[in-house]
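Asker: return a 3D structure for these sequence lines:
(one chain, ligands or ions: 2)
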Amino acid sequence: MQRTKIADLLRTEPTGTTVLVKGWVRAFRNNQFIALNDGSTANNLQVVVDFEQTNPELIQRIKFGAAIGARGELVESQGKGQRIELKVEHLEIYGDCNPEEYPLQPKKQTLEFLREQAHLRFRTNTFGAVFRIRHALAFAIHRFFNEQGFVYLHTPIITASDAEGAGEMFRVTTLDPANPPKTEGGAVDFSQDFFGKAANLTVSGQLEAELGAMALGSVYTFGPTFRAENSNTTRHLAEFWMIEPEVAFADLNDNMDLAENMLRYVISYALEHCMDDLKILEERLIEEEKSKPQDQRSEMTLTEKLRFVTESHFERLTYTEAIDILRNSNPNKKGKFQYPIEAWGADLQSEHERYLVEKHFKKPVILTDYPAAIKAFYMRLNDGTEPGKETVRAMDILFPGIGEIVGGSQREERYDVLVSKMEAMHIPTEEMYWYLDTRRFGSCPHAGFGLGFERLILFVTGMTNIRDVIAFPRYPGSAEF
Ligand code: 4AD
Ligand code: MG
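Answerer: Ligands and ions are numbered 1, 2, ... in the order given. Now for the predicted structure:
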């Protein structure tokens with residue numbers, strides 16, 4: 001007999017048919033009622049055992065966490081709390097679970113503890129919900145771009161270039177670390193390495209996506225990216241997933257529209273398809289907030305917040321306008337910012353981004369036209385800016401509770417301008433001939449952005465630590481599992 005998934009069963013009417021379900025025991029009450037979960041949904045199926053007719057040894061083995069199969073008739077439930085239940089005719093234990101040794105307990109356990117049990121935490125309600133939502137968001141992103149006629153381009157994971165020019169790369173090598181070949185000058189001789197040159201894990205697929213966009217028109221990448229930055233925060237991972245669309249014949253306004261539409265689309269998708277999981281996370285948050293003082297509790301529930309974002313237009317303003325707001329803000333005047341805003345040109349810290357979004361505008365914000373000096377080499381220089389006050393056609397999207405969720409720009413399509421910028425920023429122009437070729441042959445205005453997938457999941461799930469929205473987080477000092 002084929003097993004039926006619980007998600008499918010809960011959608012059906014109790015027809016009196018016989019079905020087979022398989023899953024893990026979430027609770028066992030009165031030697032009679034099993035709450036069975038098979039991962040297909042947040043909801044459990046009530047499986048009713050007739051203990052007078054069942055071998056007591058078998059009953060003994062129905063423990064929290066055990067894997068079981070149950071065959072029986074699907075009937076209307078007599079009890080409250082569920083519409084249907086399964087009356088067991090045959091029960092089978094696939095895997096016992098000794099409660100004395102099992103790290104998970106049928107009670108609330110802290111996220112910190114569960115992080116150390118990341119191999120088991122999928123089995124909790126919270127993480128089941130998080131990872132089903134993660135899947136739904138990934139699917140929604142592909143669906144959005146497919147509907148818009150984008151080509152999904154798989155950009156390389158191993159590269160020899162530094163797309164962001166920030167030098168935060170993990171080296172990929174097969175040289176013997178204890179005894180690498182050396183050049184005459186004493187440096188490591190990477191010409192003898194696997195790729196014949198120094199290689200690293202990619203920090204971004206953007207540069208290769210640009211190459212694709214210059215022929216395919218609209219492309220996107222969606223893959224893992226790696227940053228060897230020593231950031232121990234709730235917003236940074238050393239390995240994270242990024243969605244990077246790149247569009248030919250598009251300017252910064254088109255880019256902002258695309259990002260805004262995509263974010264609204266995928267969040268709406270979650271609201272439409274993930275309500276059971278969102279409700280679990282929403283209730284979790286409500287519980288958590290009870291321990292906070294009234295004024296620190298959020299004004300909206302999780303689903304209200306998501307709905308609010310799908311209905312609001314993001315506030316668009318320039319970096320220069322944002323600096324003025326920040327400079328004159330109360331926390332700045334009262335010395336409450338850890339990094340006070342003094343002069344134009346300062347890089348914005350997460351405290352500033354969050355002030356703009358959460359206190360000043362109270363909705364998502366898109367900041368544009370940042371100082372050239374604090375942004376990457378490939379961003380298009382704004383025409384007619386004063387020397388020393390050059391700005392670029394950059395955009396960062398800032399979200400409540402998150403800060404920067406998207407970073408993007410219109411690209412510098414003018415060959416001469418790009419070359420002089422790369423030289424000034426010490427980006428090797430000879431090695432990147434392939435990137436410059438797009439500007440030599442049939443160059444055109446184009447734009448794109450990168451959405452940090454885990455930051456999106458943080459927002460949609462209401463989780464607060466990025467290490468809780470990726471299955472096996474990698475961060476400084478940790479590559480467990
Ligand atoms: O702003 P970033 O560095 O931009 C780029 O990489 C561009 N090449 C994107 C493009 O234009 N195609 O990164 C983009 C986004 C950030 O806004 C953030 O959401 C996320 O990637 N991000 C990280 N997420 C988790 N951990 C990290 N260490 C991250 N660094 C960036
Ligand atoms: Mg950025």
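Asker: so which residues of the stretch 1-150 of the chain form helices?
Answerer: Using DSSP state H, counting those that start in this stretch, the helices of the stretch 1-150 of the chain run over residues 6-11, 56-60, 111-116, 125-147.
Asker: E168: what secondary structure?
Answerer: Classification of E168 by DSSP: H, G, I helix; E, B strand; the rest coil places it in coil.
Asker: which one of the helices of the stretch 1-150 of the chain is the most hemmed in?
Answerer: helix 125-147 (a mean of 18; mean count of other Cβ atoms under 10 Å). For glycine as for every other residue, the C-beta is placed from the backbone atoms N, C-alpha and C.
Asker: just give me how far that helix sits from the chain centre.
Answerer: A distance of 10 Å separates the centroid of the chain from that of helix 125-147, by Cα atoms, centre = their mean, to the nearest Å.
Asker: contacts for it, please.
Answerer: Here helix 125-147 makes contact (Cβ atoms under 8 Å, 6 or more residues apart in numbering) with 37, 39, 42, 111, 114, 121-122, 152, 220, 222, 243, 245, 261-262, 265-266, 269-270, 273-274, 276-278, 280-281, 284, 453, 456-457, 460-461, 463, 468-469, 471.
Asker: just give me the neighbour total for S291.
Answerer: Neighbours of S291 under the rule other Cβ atoms under 10 Å: 7.
Asker: what's the distance between it and I466?
Answerer: S291 sits 22 Å away from I466, taking Cβ to Cβ, to the nearest Å as the criterion.
Asker: again, but for T368
Answerer: Taking Cβ to Cβ, one finds T368 at 25 Å from I466.
Asker: of the two, who's got more company?
Answerer: Neighbour count, other Cβ under 10 Å: between T368 and I466, T368 has more, with 24 against 21.
Asker: let me see the mean pLDDT of the helix or strand hosting A209.
Answerer: Using DSSP states H and E, A209 maps to helix 206-216. The average pLDDT within helix 206-216 is 98.
Asker: what residues does that helix touch?
Answerer: For helix 206-216, using Cβ under 8 Å, 6+ apart, the contacting residues are 151, 153, 155-156, 159, 161, 163, 219-221, 244-248, 378, 411, 432, 434-435, 438, 442-444, 446, 448, 450.
Asker: and these near ligand 1, which?
Answerer: Contacts with ligand 1 within the contacts of helix 206-216, as defined by Cβ under 6 Å from any ligand atom: 163, 244, 448, 450.
Asker: among these, which pair sits farthest apart?
Answerer: A163 and G448 (11.7 Å; Cβ to Cβ).
Asker: on that earlier part again, export the helices of the stretch 1-150 of the chain to TSV and tack on mean pLDDT and distance to ligand 1?
Answerer: Listed next are these as TSV, based on pLDDT from 0 to 100; distance: least, Cβ to the nearest ligand atom, whole Å:
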stretch	mean pLDDT	distance to ligand 1
helix 6-11	94	31
helix 56-60	95	47
helix 111-116	96	16
helix 125-147	98	14
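Asker: can I get these in a markdown table with distance to S329?
Answerer: Shown next, in a markdown table, are these (distance: least, Cβ to Cβ, whole Å):
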| stretch | distance to S329 |
| --- | --- |
| helix 6-11 | 48 |
| helix 56-60 | 64 |
| helix 111-116 | 32 |
| helix 125-147 | 33 |
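Asker: of all those helices, which lies closest to I427?
Answerer: Comparing the helices of the stretch 1-150 of the chain by Cβ to Cβ, helix 125-147 comes nearest, at 28.9 Å.
Asker: pull the CA atoms of the closest one into PDB?
Answerer: Once non-C-alpha atoms are left out, helix 125-147 reads as follows in PDB (Å, rounded to 0.1, in the frame of the first residue of the first chain):
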ATOM      1  CA  ASN A 125       7.600  23.100  14.900                       C
ATOM      2  CA  THR A 126       9.600  26.200  14.500                       C
ATOM      3  CA  PHE A 127      12.200  24.900  12.200                       C
ATOM      4  CA  GLY A 128       9.800  22.800  10.200                       C
ATOM      5  CA  ALA A 129       8.000  26.000   9.500                       C
ATOM      6  CA  VAL A 130      11.200  28.000   8.700                       C
ATOM      7  CA  PHE A 131      12.400  25.400   6.200                       C
ATOM      8  CA  ARG A 132       9.100  24.900   4.500                       C
ATOM      9  CA  ILE A 133       8.900  28.700   4.100                       C
ATOM     10  CA  ARG A 134      12.500  28.800   2.800                       C
ATOM     11  CA  HIS A 135      11.500  26.300   0.200                       C
ATOM     12  CA  ALA A 136       8.400  28.200  -0.800                       C
ATOM     13  CA  LEU A 137      10.300  31.500  -1.100                       C
ATOM     14  CA  ALA A 138      12.900  29.900  -3.300                       C
ATOM     15  CA  PHE A 139      10.200  28.500  -5.500                       C
ATOM     16  CA  ALA A 140       8.400  31.800  -5.700                       C
ATOM     17  CA  ILE A 141      11.600  33.600  -6.700                       C
ATOM     18  CA  HIS A 142      12.100  31.200  -9.600                       C
ATOM     19  CA  ARG A 143       8.400  31.500 -10.600                       C
ATOM     20  CA  PHE A 144       8.600  35.300 -10.500                       C
ATOM     21  CA  PHE A 145      11.600  35.500 -12.800                       C
ATOM     22  CA  ASN A 146      10.300  32.800 -15.100                       C
ATOM     23  CA  GLU A 147       7.000  34.700 -15.500                       C
END
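Asker: now the element after that helix, going C-ward?
Answerer: In N-to-C order, the element after helix 125-147 by DSSP H and E is strand 151-152.
Asker: show me what the helix or strand following that next one packs onto, helices and strands only.
Answerer: Using DSSP H and E, the helix or strand that follows strand 151-152 towards the C-terminus is strand 158-159. When contacts are defined as 3 or more Cβ pairs under 8 Å, 6 or more residues apart in numbering; DSSP states H and E, strand 158-159 sits against strand 199-201.
Asker: where does the protein have low pLDDT?
Answerer: Along the chain, the model assigns pLDDT under 70 to no residue.
Asker: who wins on neighbours among the ones next to ligand 1 among the contacts of helix 206-216?
Answerer: Neighbour-wise, these (other Cβ under 10 Å) top out at G448, 27 neighbours.
Asker: got a list of what it touches?
Answerer: Going by Cβ under 8 Å, 6+ apart, the list of residues near G448 reads 206, 209-210, 213, 244-247, 255, 408-409, 411.
Asker: return the set of buried residues in stretch 23-32.
Answerer: 23-26, 28, 32 (16 or more other Cβ atoms under 10 Å).
Asker: near K305, how many other residues are there?
Answerer: 19.
Asker: so who does it touch?
Answerer: Contacts of K305 (Cβ under 8 Å, 6+ apart): 298, 400, 462.
Asker: ok, the nearest residue to V172 once chain neighbours are set aside - contacts?
Answerer: Among residues not flanking V172 along the chain, A199 sits closest, at 4.7 Å (Cβ to Cβ, 6 or more residues apart in numbering). Taking Cβ under 8 Å, 6+ apart, we find A199 in contact with 158-160, 171-173, 193.
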